[in-house]
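J.: Fold the following for me, if possible:
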Amino acid sequence: MDEGVILQMTGICKYFPGVRALQNVDYTLRRGEIHALMGENGAGKSTLIKVLTGVYPKDGGHIYIEGTDGEANIRSPQDAQNIGISTVYQEISLCPNLTVAENMFIGRTKSAVTNWKDMNTKAGKLLESLQIPVKPTQQLDSCSIAVQQMVAIARAVDMECKVLILDEPTSSLDEQEVEKLFKLMRDLKAKGVGIIFVTHFLDQVYEVCDRITVLRDGGLVGEYVIEDLPRVKLVSKMLGKELDDMASIKDEEEKVKNNEESETILEAKGLASNAGIKPFDFYIKKGEVNGFTGLLGSGRSECVRAIFGADHVTSGKVLMHGKQVKIHKPIDAMKNGIGYLPEDRKQDGIVSELSVRDNIILAQQVMKGFFRPFTRKQAEEIAQKYIKLLDIKTASSDTPIGQLSGGNQQKVILARWLFTDPSYLILDEPTRGIDIGTKVEIQKLALKLASEGKSVTFISSEIDEMLRTCSRLVVMRDRKVVGELDGADLNQNKVMATIAGGEEK
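T.: Residues are numbered from 1 along each chain as shown. The predicted structure is shown next:
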């Protein structure tokens with residue numbers, strides 16, 4: 001390895017059945033460097049980290065780390081830890097019912113008897129050296145999330161790590177807590193630790209990182225010095241769209257235009273949530289298809305979850321047809337004519353053990369009340385109607401939805417909400433992970449619903465898809481609204497520049 005290089009991964013490949021997760025990926029980390037690993041959903045970031053930490057065996061390539069003779073043989077997370085690779089995940093994997101010192105040394109005491117005084121003293125010295133504002137005897141669950149993250153980092157550092165991997169460490173932190181974490185990262189950098197920083201927040205990357213490696217679709221796009229990669233260029237490399245590579249997009253049918261005279265169906269004013277969304281304003285008119293756009297992690301989904309009551313709203317208000325309504329939970333939204341197809345259909349959408357029929361009638365049954373169930377005949381007639389309408393491929397309405405393809409599962413959830421006859425329908429990533437034919441069907445359906453007078457908010461990671469479907473886009477970055485585009489501004493160049501922060505260079 002070159003002088004100063006602490007970790008080198010070359011030609012890394014990883015395959016799963018039918019999926020090329022990583023193909024000839026290189027990654028180089030230098031001593032005393034904070035190096036961002038960037039890419040959209042499915043780019044391969046998590047897989048590369050899991051290969052490096054021994055969670056997955058690699059199918060090709062080489063890993064070298066400073067101080068190890070020849071190639072590093074990493075077959076398990078313990079192997080990775082033994083050669084100086086430590087990981088702090090987004091979900092803190094510590095024990096909240098134990099003290100700070102106990103969490104720092106759990107599983108690491110060699111003696112059968114713990115010397116509590118020595119352990120607390122050693123923990124106190126380490127916490128002080130890293131300027132972490134917590135006592136070693138304090139119970140962990142009494143600490144803020146930021147301090148818990150720092151304790152996890154302190155544990156990793158005390159294990160004499162050379163490489164520290166921080167996987168979305170700031171996702172649950174406020175601005176002041178992020179600054180404290182960044183100070184700790186800079187202190188570790190000064191001590192010679194190499195830090196791999198996985199994040200979706202562009203502002204944070206440019207504040208704290210020295211280099212960026214970008215992955216896309218399991219392949220390496222490139223490694224860049226931070227000063228040589230303006231934000232708009234980073235966005236274009238992550239999305240695979242050059243700023244000037246804007247072929248004209250021909251709609252399959254005319255986009256539904258935003259009629260200024262149309263009635264405003266829903267309006268949000270100063271809405272914020274416990275998911276970290278900064279206060280935002282939003283409105284949608286009758287017969288309009290609009291959307292939230294931005295990189296993964298920008299806050300697109302959290303905005304609509306706040307509107308639907310799926311996340312706790314901390315400030316602001318929602319008006320329907322000009323009158324304020326109280327939406328504290330999803331059932332409140334449903335009763336006000338709002339439907340919501342969630343981003344994660346497996347976790348938040350389908351009930352995999354239930355039949356196609358039961359999944360279709362579920363939302364309407366909740367509003368009707370379970371003491372007033374649909375008859376079997378009614379439920380079957382409803383199911384057959386939507387199976388035919390949406391061309392759902394299923395052996396019968398009795399088939400468990402978990403046995404259907406992803407695209408057909410998505411159609412069943414769409415049927416569920418169409419059956420409630422909402423005046424406002426939110427579609428969050430409705431086309432993710434499904435075939436191109438079904439994608440086009442769902443896009444056409446959104447436009448058809450709007451032409452019939454319904455209002456639709458459409459969210460997709462694919463800018464082309466958003467431009468084809470929406471007549472107005474709300475642009476998100478780092479969990480706040482940074483722009484709104486319509487008319488002549490509704491083009492790829494403008495969207496990418498707004499996501500990046502207005503930089504055109």
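J.: Skipping adjacent residues, who's closest to residue 224 in space?
T.: If the residues on either side of it in the chain are set aside, residue 224 comes closest to residue 212, at 5.0 Å by CB to CB, 6 or more residues apart in numbering. Heads up, the C-betas are built off the backbone N, CA and C, glycines and all.
J.: any idea of the pLDDT on the one you found?
T.: If you check residue 212, the pLDDT there is 97.
J.: And residue 254, by the same measure?
T.: 46.
J.: what sits against the residue nearest to residue 224?
T.: Taking CB atoms under 8 Å, 6 or more residues apart in numbering, we find residue 212 in contact with 35, 36, 38, 205, 223, 224, 226, 229, 234.
J.: Could I get the buried residue list for stretch 378-388?
T.: Using 16 or more other CB atoms under 10 Å as the test for burial, stretch 378-388 gives 379, 380, 382, 383, 386, 387.
J.: Residue 119 versus the fourth one, what's the distance?
T.: Between residue 383 and residue 119 the distance, using CB to CB, to the nearest Å, works out to 61 Å.
J.: Next: the third one.
T.: Look at residue 382 and residue 119: by CB to CB, they are 63 Å apart.
J.: just residue 269 next, same as before
T.: Using CB to CB, we find residue 269 at a distance of 52 Å from residue 119.
J.: Compare these two and say which is more crowded by neighbours.
T.: Shown here are residue 269 and residue 119; by other CB atoms under 10 Å, residue 119 has more neighbours (18 against 15).
J.: hang on, that one packs against residue 103?
T.: No: using CB atoms under 8 Å, residue 119 is not in contact with residue 103, being 11.0 Å away.
J.: burial count for the closest residue in space to residue 382 that isn't next to it in sequence?
T.: Nearest in space to residue 382, with sequence neighbours left out and distances taken as CB to CB, 6+ apart, is residue 361 at 5.8 Å. Other residues within reach of residue 361, judged by other CB under 10 Å, total 24.
J.: mind listing what residue 361 touches?
T.: Residue 361 makes contacts with 374, 379, 382, 383, 416, 419, as judged by CB under 8 Å, 6+ apart.
J.: mind listing which of these are in helices?
T.: Using DSSP state H, the members of the contacts of residue 361 that fall in helices are 379, 382, 383, 416, 419.
J.: Out of these, which is nearest to residue 216?
T.: Within the ones in helices among the contacts of residue 361, proximity to residue 216 (CB to CB) peaks at residue 416, which comes in at 33.7 Å.
J.: which ones are touching that closest one?
T.: Residue 416 is in contact with 359, 360, 361, 362, 363, 364, counting by CB under 8 Å, 6+ apart.
J.: Same question for residue 280.
T.: By CB under 8 Å, 6+ apart, the neighbours of residue 280 are 268, 270, 271, 272, 303, 474, 480, 481.
J.: The fifth one: how many residues sit nearby?
T.: In this case it means residue 303. For residue 303, the neighbour count with other CB under 10 Å is 30.
J.: for stretch 381-397, what is the average pLDDT?
T.: What stretch 381-397 shows for mean pLDDT is 90.
J.: Find the least confident helix or strand in this protein, judged by mean pLDDT.
T.: helix 145-158 (a mean of 80; mean pLDDT, DSSP states H and E).
J.: next helix or strand past that helix?
T.: strand 163-167 (DSSP states H and E).
J.: Sheet partners, orientation included, of that following strand?
T.: Note on strand 163-167: by DSSP bridges, its sheet partners are strand 85-88 (parallel), strand 194-198 (parallel).
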